[in-house]
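*Asks:* One predicted model, sequence on top.
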Amino acid sequence: MIRLLWALLLCAVCHAAWSVAWASPAIPRPRQLTVADGLPSNSINGIAEDQSGYLWIATSDGLARYDGITFRIWRAGDGLLDNYLWSVHVDARNRIWVGTSQAGLAMLDTDRRTFRHYDSHNTPGIGSDNVWSVTSTPDGAIWFGTASAGLHRLDPDGRVQRFVPRPDDARSLPSLEVSQLRTTPDGDLWIATRDGAARWNGRDFDRVPPSTFGSPVINSIGVQPDGTLWFGTPRGVGTRGRDGRFDATPFRALGEGATVLDILVRDRAGQYWFDTPQGMGIEQNGRLQNVPLFSASSQGIVRPSWTSSLEDREGGVWFGSAGNGLWYLPANWRQFALYSRQVDDPASLGNAAVHGIAPSSDGSMWLVGTGGVLDRFDPRTGAVTHVARDFSEGYIVYSVLEGRAGYVWMSYHDGLVRLDPRTGHARRWTAHDERDPVPSGSSYLAQTPDGLVWTAGQGGEVQARTAEGVRIESIVPGDLRGPPEGGTIQQIGVGPNGALWLAWSDGLSQWDYTARRFVPVPGAPSGTILSFAQEGRDRMWIARLGVLEAYRWDGDKLTRVERLDRLAGMPEVALNGLAVDPDGVVWATTVRGLLRVEPKRRVVRVYGVRDGLSNQEFPSRPVMTRDRDRILVGSPDGLVMFAPADVHPSVEPPRLLVQSVDVSRADLRTPLDASQPIVLKPGDRDLRVVARLLSFNDARNHAFRFRLRGYDADWVDVDSTGERVYSQLDPGDYTLQIVARAADNIWSPPQTLSVSVQPPWWQTWIAMTAFAGIVVAVGWWSADAYRRRLKRRHAWQLSEREREFAEQASLAKTRFLATLGHEVRTPMTGVLGMSELLLDTPLDGQQRSHVESIRRAGRHLLRLVNDALDLARIESGRLELADEPFDLRDVVDEATTLMAPLAKQKGLAFRVIVDDDAPAGMRGDASRVCQILLNLLANAIKFTERGGVELRVGALSPRGVRFEVIDTGPGLSREQQARLFRRFEQAEGARTAARYGGSGLGLAICQELSAEMGGSIELESAPGEGARFIVVLPLPHAVVPGTHDDAKALLDSRGGPLTLLLVEDDPTVAEVICGLLRAQGHRVTHVSHALAALAESATGTFDAALLDLDLPGMDGLALASHLRMQGFDRPLLAITARADADAEPQAMASGFQGFLRKPVTGAMLAALLQGVPRVEMA
């Protein structure tokens, strides 16, 4: 008997030692916002909320407006004159007032676009621009306190009245340093200064006695809704009640160790928030509890220096700090109480993470988890009793169950424990036991009405045991009595029929006691069932991935009666467990948070870390207390408990606001007034509408829908940014509707905007009418134009036919001239060559004169042919000009040498004047320049009977040469000048031709040659005053080339005699060429066709071969090829009557080294043979 008493006493002592009384039910966790979130500065000096619900923050680097998503910032350059702001206030007219450090007082008007500034420079009566505090009173006056110039009142009419301390006047302001201003609900103004507090009574100030709070320095004043005031001083906090009584130690009940530096705010729930030496504290159950402030930017717990605080219209509280940013706590932070394990606190939970929860018969709850400790938790008081530990062999305990006999069953890895909490006796089974082994791994636990305890491993093995732990059933995968191999069990529990139900990867099954096997539950869905829960006697909730379904049980089968999926707001996530509260609300645990599903309203709400939860990953199922008034959920951070009746979404629709509307106009973003109908001009694009739900509670989960009637077929979902852009809208009238929902899934009433897109001017009715008239006019004009077009077409066809005839005629003329030139050059070779040979023989004077006449006539004929050929080349665009340097004076000398004798024969004075600035060297076609001069000089000499002819040569700026040919002839009228440069035209037509001769081509060729060189020819003349031809040739300057030997010099400088082969089919031409060559001392062998030439070259030795290109049979080009093939390696020289421009390039390409056109002279032949090497005879 004595031993029994001692044993009971020992158990009582152990129980007392492991029992704790209380743990804090709910710990606030304010969320920090810093510059990383968009704040302009981490130093917050003031906070205010405007009538729309925006939060305004005065910082050390600008003014910020927060809408829950983004910050809008104003700095110097955006309207402010100073970035350092001490305070911010919203008056009754919703204007924003800010006190600055160096720029006085600034007011932002209601449209939030323009600042108005009040400072000592523009407003008489202001004593300092360092404004510490701002407030307003019901009479519309703005009050602001300065750092060193007292208190100021700004009347609505703009007048400023200043209040300062007056010596020996107890009714004046206590100090020039005004630290804070507050207005009470009844309109009283209270002032905090360095020398005490005072109240404005309408005439002067009622001072608070300096000895009231132990220190005259008042740092802050706070106002409660009931009119109670608190005063922050260096020695703590004092209050003034509604009855006017002061209390210097209002919080002495918190204990001597509780130090309150100041009151930050008192929220609508009556909760005081204190500034404490540790940072922040709250009063709970008569004790001062510290609020941990974790800073993500500092990576640890911080102790901010508080500067301001505010409770917003939703009940959320805001705290501003000097250096640690802005802190926010939503109004619903009290919904969830967290119980966690504190290593240094034995009164805390025994498990850091709770995995298993089970109700006890006495109303308490059993808890197991990572620490391997069995805790008894009292949900009414929060008391925790550590009942047992070290029973799981160091493994994590995953599930717990209290049986009907009072035993507590717990499962861990490869093990099962039955504990008697009254005696502490424990019985263990493991997966390695020979007798009654348990399933491997950890197991789910459940007890059926017959008293059997069921264990089910995730691998698929299910066991049933008696209350004593004896295994009576073992269903293993593959034995056809339970889940097959590979099946995964998700949950076990008792169904509405009292049998064990099992949710697994292929549906929902129940235990058939008769067949002793699991069979499918009739009516249950197939596929993976994640969890299930029973509501009442005949309703079952079944969870699948992203789907929650309700079924009615009629005793035999399930019938689905409700389904909630993505359309109802269900997230696509696994539901790890279900619980149904007394109101029929389904609670589900997920890795994304805690789901609240209200079937009646079909509303789904997800609660996460922004709703006061420290962690939103819940791997285990929720469990209700026996009183069904609390739900407990295991969390990686410990245990979460809440009252489902207190956790409910708001039923008030959120306030939706169109924050901004702007459009891209002329490549600039142009803001539009959202309060007025939106009118878009033609060319406007990218209409952007930004909407906001002014609710700070989980603003990132806000959702918006836009519908532009006339453009959108249905609502368009938009994320939490609330922004929609319409890139291009057709002209017309539209209606924009916007709705939004907050985190509680309550949709706001729609906001409606009228949008009108103006058409471009060409789509207006005036323009359309004008267009119709234009169409009629255009139709009439088109018909008339068609008739005129037919006429023009007929005329064009006629002109085209005439042009074709003209082109054919021109082509025929060109061909004729080319053929004529070819045919004339051959006999001309005989005429000119024979005359040259004849002149080398002894002749008397008369004979020589006759030969000279023949020679001149031949040259004139050749010149006419060359002119005609030049015109043909110009017309066909095939005239090629040389591009090589030449000596300008040589060209002038050549032309004047030829023309001077003609002038002398007519008794005319012939003068050549070359200016000093005339260029020495030019680059171009020297022969064509000479041709122009010869034609102009010849023309002048021909038509001048008396007087003289003059040639002037000068420089052209910036480059080129200018020639002037001046004569004293009869002159020309304007009509004659108009015809002068036409082809085959002369001044007086046939009369001129009959008197002076000529073809009328010379001047035309000169003009066209000048144009080809980029120049021009001008004529200045009048009847009886002679004529002046001015030739402008913009040729580039060049270095003067070496002088060329003239024909005589060339003949005189020839080398020794050559042995030449001449191939020419015309005997006269052959005789002339042979004569000219032999006269120069050369030996010439003549043959008349190609075959003879091949034979001669094969047997003879020649220094060069002169070949005519137009030979009978094989032409000269083919002959040259055969000669090269035969081994003839001496120079080949072409002599031809061809006048086309392609003749010389073809000859050179065929292997010729020289080229000469007929008729030829001795000098031309000498030049052609210049440099031909002599063959040394053996």
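*Replies:* Alright, I've got the coordinates.
*Asks:* Would you map the helices across the stretch 1051-1178 of the chain?
*Replies:* For the stretch 1051-1178 of the chain, the helices defined by DSSP state H, counting those that start in this stretch cover 1067-1079, 1090-1099, 1116-1126, 1143-1149, 1162-1169.
*Asks:* Quick one: list the elements packing against the shortest one.
*Replies:* Contact partners of helix 1143-1149 among helices and strands, from 3 or more CB pairs under 8 Å, 6 or more residues apart in numbering; DSSP states H and E: helix 1116-1126, strand 1132-1136, strand 1154-1157. Yep, even glycine has a C-beta here, placed from its N, CA and C like the rest.
*Asks:* what sits up against the second one?
*Replies:* So the one you mean is strand 1132-1136. 1064, 1073, 1104-1110, 1116, 1120, 1123, 1143-1144, 1147, 1151-1158, 1160, 1168-1169 (CB atoms under 8 Å, 6 or more residues apart in numbering).
*Asks:* Can you tell me which of those are buried?
*Replies:* 1064, 1073, 1104-1110, 1116, 1120, 1123, 1143-1144, 1147, 1152, 1154-1158, 1160, 1168-1169 (16 or more other CB atoms under 10 Å).
*Asks:* Pop out the phi and psi values for the residue nearest to Pro277 when sequence neighbours are not counted.
*Replies:* The shortest distance from Pro277 to any residue other than its chain neighbours is 5.5 Å, reached at Thr259 (CB to CB, 6 or more residues apart in numbering). Per-residue torsions, Thr259: phi -110, psi 120 (degrees, to the nearest 10).
*Asks:* wait, isn't Thr259 in contact with Thr276?
*Replies:* Yes. Assessed by CB atoms under 8 Å, Thr259 is found in contact with Thr276 at 6.1 Å.
*Asks:* of these two, who's got more company?
*Replies:* The neighbour count for Thr259 versus Thr276, taken as other CB atoms under 10 Å, is higher for Thr276 (21 against 16).
*Asks:* does the more buried one really touch Glu283, like I thought?
*Replies:* No. With contact taken as CB under 8 Å, Thr276 and Glu283 are classed as non-touching, separated by 11.1 Å.
*Asks:* what's the domain layout of this structure?
*Replies:* 46-263, 264-332, 337-430, 656-763, 880-1033, 1047-1169 (automatic domain parsing).
*Asks:* Select, out of the helices of the stretch 1051-1178 of the chain, the one closest to Thr184.
*Replies:* Across the helices of the stretch 1051-1178 of the chain, Thr184 has its closest neighbour in helix 1143-1149 (110.6 Å, CB to CB).
*Asks:* most remote residue from the protein's center?
*Replies:* Centroid-distance maximum for the chain: Asp844 at 101.1 Å, with CA atoms, centre = their mean.
*Asks:* List the contacts of the residue nearest to Gly1100 when sequence neighbours are not counted.
*Replies:* Distance criterion CB to CB, 6+ apart; nearest residue to Gly1100, sequence neighbours excluded, is Thr1085 at 6.7 Å. Taking CB under 8 Å, 6+ apart as the contact definition, Thr1085 lies against Thr1059, Leu1060, Leu1061, Leu1062, Glu1096, Gly1100, Phe1102.
*Asks:* can you map out the strands along the stretch 501-650 of the chain?
*Replies:* Here the stretch 501-650 of the chain has its strands, by DSSP state E, counting those that start in this stretch, at 507-512, 517-520, 531-535, 539-544, 547-553, 558-564, 577-580, 586-590, 593-598, 603-607, 623-624, 631-635, 638-642.
*Asks:* Right, I'll call it a day here.
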